[in-house]
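Participant: Fold the following.
(4 chains)
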There are 2 protein chains.
Amino acid sequence: MQAAATLQTGRSYRDIPTVRTRTVLREINQGQVKCPTCKLQDRCLSEGLDAEAIRAINDAMTTRIRLRKGETLFRAGDRFASLYAIRSGSCKTVLLSEDGHDQVAGYHMPGEIIGTDGIGADVHGCQAIALEDMEVCVLPFERLAALSRQNGRFQHNLHRLLSRELARERGLMMLLGTMDAEQRLATFLLDLSQRYRALGYSSCEFVLRMTREEIGSYLGLKLETVSRLFSRFQREGLLQVQGREVKLLDQISVKRLLTCSD
Amino acid sequence: MQAAATLQTGRSYRDIPTVRTRTVLREINQGQVKCPTCKLQDRCLSEGLDAEAIRAINDAMTTRIRLRKGETLFRAGDRFASLYAIRSGSCKTVLLSEDGHDQVAGYHMPGEIIGTDGIGADVHGCQAIALEDMEVCVLPFERLAALSRQNGRFQHNLHRLLSRELARERGLMMLLGTMDAEQRLATFLLDLSQRYRALGYSSCEFVLRMTREEIGSYLGLKLETVSRLFSRFQREGLLQVQGREVKLLDQISVKRLLTCSD
DNA sequence: CGACTAGTTGAGGCCAGTCAATGTTGGTGG
DNA sequence: CCACCAACATTGACTGGCCTCAACTAGTCG
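Facilitator: Numbers count the residues shown, from 1 in each chain, chains lettered A, B, ... in the order given. Sure thing, here's the model as predicted:
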């Protein structure tokens, strides 16, 4: 676990102290920039709402934050105050255990809302680190909670957001608990593929935003195992891989890896 | 996975069709039995509430359900309508994947509230099966949601309930992703120990309510591995084990298994 | 260029899984 | 009461998948 420090801090050569960056950007954007037409996050939170409620959501989004690759949006232990809707870019969330071990808990793309782990607690339970330059909308949670009290439909949407997070984690538990390495990587690639498709990108050709080590951390594998599996999948004609560029050639066979253990 | 059927159905020789049992008990209790002093679940949902709100919660609990060992409270795919507060007994929740694999997702004790996985979705995502005779209070979710709209404090308590569920699953992910077999079983035993203590029982001497196979399923291990670990822990003087009776002799050493990988 | 990070590949070892035999427990019925 | 059975548990021998350690390549940035 000697390489753990990299994941843990998420720092890179171009890293700038988190808080300072955030503060500056908050000030720049305070009160001026809004997200009146943030279609992406609308998908889940404002579904089925009337114009007034949608306006209330937009009013709540007073701030945007820009992060550069490697920068941290929030850390475990940070006071929870807001959810964040990803406008562009992507990030990972990382869990830290007391003894210094860490694990990637998820990868998050535009349109997704992160920070949900802090709801109901006072503090965040994980760290969010940008995998590339990214931009997020700040959704002050007290505003959302208030709206949820006024509007049953919005309340339901908020519950659904949490529910999906629970479902996602449940899926990961199944993966970590019952699948072998091959199935884990296949699941991972199919999941990415589907999410890229949902965003309107190609579902069979995409660029990974994370290292082999980060993939391994997410899947409970070592980086060498991930690398070997990529090579093997390529050798077997399932996909083409060149560094972080992946082209799924035979999605059916990839899916078949999951359906039964043959 | 030939033994999967047992876990999957959770049936035993004394099993009675779930729905019938539930219906009968619903009728018996309808409107008559309430849980006005259900101290256990109060711990989390009614903390900090005024008398009126507490009355509203109690009014919502019109029904109790009694289950016998092996019976199912709800299945994956069942329409979600209520949360359930465990009054007595314990149960497991089981995840099923498309290809027939299953995995125990959690063990639940008196005072805990289950069914949260259905919030925000229309249906439950897992199956809850009694590990021994048990009794639960039904908490119709629509009533809770309505109360949550009226009372900000209750809303927060409800959010906290979901938050804890997320935190629990996150912990399990760390366990499955980064720990070896020894650490997994140690974590499991310490977790049980702490929960028994919280219920006022001995934290160092308790009876497991689940089989080795179920423990293994929860921890991502095979039953033989679990059995071997119990034997080894006993040989090393960490605990005494006789079937399902466990006595923790050296909790400090058990904890040390987790702190670092020595 | 040199330093560094990311990725690939090989050799070998170990932990946990698999297969199999046997022991234990609890409930049932003769 | 005992014999029987099924479910649960223990233990051993063996296997194999993933980890570990290590060498090497490619790309990037100062």
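Participant: Buried residues in stretch A:162-179, which are they?
Facilitator: For stretch A:162-179, burial by neighbour count (16 or more other CB atoms under 10 Å in any protein chain shown) applies to A:162-167, A:169-170, A:172-179. C-beta coordinates here come from the backbone N, C-alpha and C atoms, glycine included.
Participant: cool, stretch A:193-205 as well?
Facilitator: For stretch A:193-205, using 16+ other CB under 10 Å, the buried residues are A:193, A:195-196, A:203.
Participant: Nearest to residue B:254 among these?
Facilitator: When those are compared for distance to residue B:254 (CB to CB), residue A:195 wins out at 40.6 Å.
Participant: Would you mind naming what in the stretch 101-250 of chain A lies close to DNA strand C?
Facilitator: A:208, A:211-213, A:223-224, A:226-228, A:230-231, A:241, A:243-244 (CB under 7 Å from any atom of the strand).
Participant: Would you map the helices across chain A?
Facilitator: Remark: helices assigned in chain A by DSSP state H are A:4-9, A:18-29, A:39-45, A:51-60, A:141-150, A:152-178, A:181-198, A:212-219, A:223-235, A:251-259.
Participant: Against which helices or strands is the fourth one packed?
Facilitator: Right, helix A:51-60. Contact here means 3 or more CB pairs under 8 Å, 6 or more residues apart in numbering or on different chains; DSSP states H and E; on that basis helix A:51-60 packs against strand A:134-140, helix A:141-150, helix A:152-178.
Participant: could you dump those to TSV with mean pLDDT?
Facilitator: Formatted as TSV, the helices and strands packed on helix A:51-60 follow (pLDDT from 0 to 100):
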stretch	mean pLDDT
strand A:134-140	94
helix A:141-150	96
helix A:152-178	95
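Participant: Please tabulate these in JSON lines and include distance to DNA strand D as additional columns.
Facilitator: Listed next are these as JSON lines, based on distance: least, CB to the nearest atom of the strand, whole Å:
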{"stretch": "strand A:134-140", "distance to DNA strand D": "18"}
{"stretch": "helix A:141-150", "distance to DNA strand D": "37"}
{"stretch": "helix A:152-178", "distance to DNA strand D": "11"}
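Participant: Close to chain B: what parts of the stretch 1-150 of chain A are there?
Facilitator: Neighbours of chain B within the stretch 1-150 of chain A, by CB under 8 Å from any CB of the partner chain: A:1, A:95, A:97-99, A:101, A:103, A:105, A:116-121, A:125-126, A:145, A:148-150.
Participant: one more time with 6 Å, if that's ok
Facilitator: Applying CB under 6 Å from any CB of the partner chain, we find that the stretch 1-150 of chain A lies next to chain B at A:95, A:97, A:99, A:101, A:103, A:117, A:119-121, A:125, A:149.
Participant: Just give me the least confident of the residues you listed.
Facilitator: Minimum pLDDT for those is recorded at residue A:99 (78).
Participant: wait, doesn't that residue sit right on residue B:259?
Facilitator: Yes: Residue A:99 lies in contact with residue B:259 (CB atoms under 6 Å); the separation is 5.4 Å.
Participant: Buried residues of stretch A:56-66, list them for me.
Facilitator: Using 16+ other CB under 10 Å as the test for burial, stretch A:56-66 gives A:56-58, A:60-66.
Participant: Could you find the closest non-adjacent residue to residue A:205?
Facilitator: residue A:247 (4.7 Å; CB to CB, 6 or more residues apart in numbering or on different chains).
Participant: Distance of the residue nearest to the spatial centre of chain A relative to residue B:246?
Facilitator: Residue closest to the mean C-alpha point of chain A, counted by CA atoms, centre = their mean, is residue A:108 at 1.7 Å. Distance, residue A:108 to residue B:246, by CB to CB, to the nearest Å: 40 Å.
Participant: Residue numbers of the stretch 51-200 of chain A in contact with DNA strand D?
Facilitator: Residues of the stretch 51-200 of chain A lying near DNA strand D (CB under 7 Å from any atom of the strand): A:180-182.
Participant: Make JSON lines from the helices and strands packed on helix A:51-60 and add distance to residue B:86 to it.
Facilitator: Formatted as JSON lines, the helices and strands packed on helix A:51-60 follow (distance: least, CB to CB, whole Å):
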{"stretch": "strand A:134-140", "distance to residue B:86": "34"}
{"stretch": "helix A:141-150", "distance to residue B:86": "27"}
{"stretch": "helix A:152-178", "distance to residue B:86": "19"}
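Participant: Out of the helices and strands in chain A, which is least certain?
Facilitator: helix A:4-9 (a mean of 34; mean pLDDT, DSSP states H and E).
Participant: In the stretch 1-150 of chain A, where is pLDDT below threshold?
Facilitator: Scanning the stretch 1-150 of chain A with the threshold set as pLDDT under 70 gives A:1-43.
Participant: Look up the closest residue to residue A:63, ignoring the ones flanking it.
Facilitator: Spatial nearest neighbour of residue A:63, chain neighbours left out: residue A:138 (4.1 Å); criterion: CB to CB, 6+ apart.
Participant: I'd assumed residue A:66 was in contact with that neighbour.
Facilitator: No: contact status for residue A:138 versus residue A:66: not in contact, 11.5 Å apart, counting by CB under 6 Å.
Participant: Spell out which residues of the stretch 151-262 of chain A are next to chain B.
Facilitator: Residues of the stretch 151-262 of chain A lying close to chain B by CB under 6 Å from any CB are A:159-160, A:162-163, A:166-167, A:169-170, A:172-174, A:176-178, A:220, A:259-260.
Participant: could you redo the last one with a cut-off of 8 Å?
Facilitator: With CB under 8 Å from any CB as the criterion, the stretch 151-262 of chain A meets chain B at residues A:152, A:155-156, A:158-167, A:169-170, A:172-174, A:176-178, A:217-220, A:258-260.
Participant: Now residue A:125: closest residue in space, sequence neighbours ignored.
Facilitator: residue A:117 (4.4 Å).
Participant: The one you found and residue A:169, how far apart?
Facilitator: Distance from residue A:117 to residue A:169, by CB to CB: 10 Å.
Participant: Contacts only, for residue A:105.
Facilitator: Contact analysis of residue A:105 by CB atoms under 8 Å, 6 or more residues apart in numbering or on different chains lists A:92-95, A:126, A:169, A:172, A:218, B:170, B:173.
Participant: Look up the residues forming beta bridges with the residue nearest to the centre of chain A.
Facilitator: residue A:91 (DSSP bridges).
Participant: Return the residues in contact with the closest residue to residue A:244 other than its chain neighbours.
Facilitator: Distances taken as CB to CB, 6+ apart put residue A:208 closest to residue A:244, at 4.1 Å, once the chain neighbours are dropped. Each residue near residue A:208 by CB under 8 Å, 6+ apart is listed here: A:192, A:215, A:244-246.
Participant: Tabulate the residues you listed (TSV), appending pLDDT and neighbour count.
Facilitator: Output for those, formatted as TSV (pLDDT from 0 to 100; neighbours: other CB atoms under 10 Å in any protein chain shown):
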residue	pLDDT	neighbour count
A:192	97	20
A:215	98	24
A:244	96	12
A:245	96	11
A:246	97	21
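Participant: Go through those residues and say which is closest to residue B:77.
Facilitator: Proximity of the contacts of residue A:208 to residue B:77, judged by CB to CB, is greatest for residue A:192, which lies at 27.0 Å.
Participant: And residue A:66, how close does it get to chain B?
Facilitator: Distance, residue A:66 to chain B, using CB to the nearest CB, to the nearest Å: 27 Å.
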